[in-house]
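>>> make a model of this:
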Amino acid sequence: MDITTFLILMIIFIIFISIGFMIQETKYKIAYYMCVVLLLLASLNIYLSIVYYIQLRNTPGIQGKIGPKGPTGAKGQTGKCSFSSTCTIDNARDKILDIAATMYEIDEACLDTPNLTTCVDQDTLDSAQPINTQINMLEKIAYSTSMSEDDFMTKLKVCLTDSNDCMDITEY
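So this is what the prediction gives:
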């Protein structure tokens, strides 16, 4: 209780005492003082209730025991990149070139940059140019896909075998 609250209560108490001195009859004086005491007790009770409510509201209680474990949450989609900040596949071009070189039995340098200096002959160059276009498209998809790396590599083999199977980019 700070000093201003104490002074206000003292002024109110002095006012009630001075009113009591003005009453002449003894029965009325006793009744008045009993009412004043009951009023003071009630107001003290209200005041202390408010003060302790505010004090207890701001203090933390005793920590209890850990409760029972809750049910397991719903399972997410398999193969979807949802928790990392970047959903890209690392070294995608190298991985695509490795698979394409094994499938078509053409040198990786020829598939990467098809020209007469990197390819063996004109026939190999003619075969490597559409595959290079496909590799460039797959590389762009690899850097923006939400699929996991394993799922993408599985889909990649299908795309390199038959380019008509991977025309829909929304599947990635």
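
>>> going forward, measure contacts between C-alpha atoms and count neighbours the same way
Will do.

>>> what stretches of the protein score poorly on pLDDT?
1, 75-88, 160-172 (pLDDT under 70).

>>> from the chain's centroid, how far away is the top helix by length along it?
Using DSSP state H, we find that the single longest helix of the chain is helix 26-57. Centroid separation for helix 26-57 versus its chain: 51 Å, with C-alpha atoms, centre = their mean, to the nearest Å.

>>> check which helices and strands that helix is in contact with.
Applying 3 or more C-alpha pairs under 8 Å, 6 or more residues apart in numbering; DSSP states H and E, we find helix 26-57 packed against helix 3-22.

>>> what is the helix it packs on packed up against?
Using 3+ C-alpha pairs under 8 Å, 6+ apart, helix 3-22 is in contact with helix 26-57.

>>> now do the buried residues in the helix it packs on.
Of the residues in helix 26-57, 29, 32, 36 count as buried by neighbour count, 16 or more other C-alpha atoms under 10 Å.

>>> same question, stretch 55-65
Buried, per 16+ other C-alpha under 10 Å, within stretch 55-65: nothing.

>>> switch to numbering from 882
Got it, first residue is 882 now, which makes that one stretch 936-946.

>>> what about that stretch, start to end distance?
One end of stretch 936-946 to the other measures 25 Å (C-alpha to C-alpha, to the nearest Å).

>>> who touches that stretch?
The contact list for stretch 936-946 (C-alpha atoms under 8 Å, 6 or more residues apart in numbering) is empty.

>>> run the chain-centre distance for that stretch.
27 Å.

>>> same question, stretch 971-979
Stretch 971-979 sits 33 Å away from the centroid of its parent chain (C-alpha atoms, centre = their mean).

>>> and stretch 939-959, by the same measure?
16 Å.

>>> the closest residue to residue 1016 other than its chain neighbours: what's it in contact with?
Once flanking residues are discounted, residue 1016 sits nearest to residue 977: 6.7 Å by C-alpha to C-alpha, 6 or more residues apart in numbering. Residue 977 is in contact with 1016, 1019-1020, 1037, counting by C-alpha under 8 Å, 6+ apart.

>>> from the residues you listed, which single one is nearest residue 888?
Using C-alpha to C-alpha, residue 1020 is the member of the contacts of residue 977 that lies nearest residue 888, at 81.5 Å.

>>> so that closest one sits against residue 976, correct?
No. Assessed by C-alpha atoms under 8 Å, residue 1020 is found out of contact with residue 976, at 9.6 Å.
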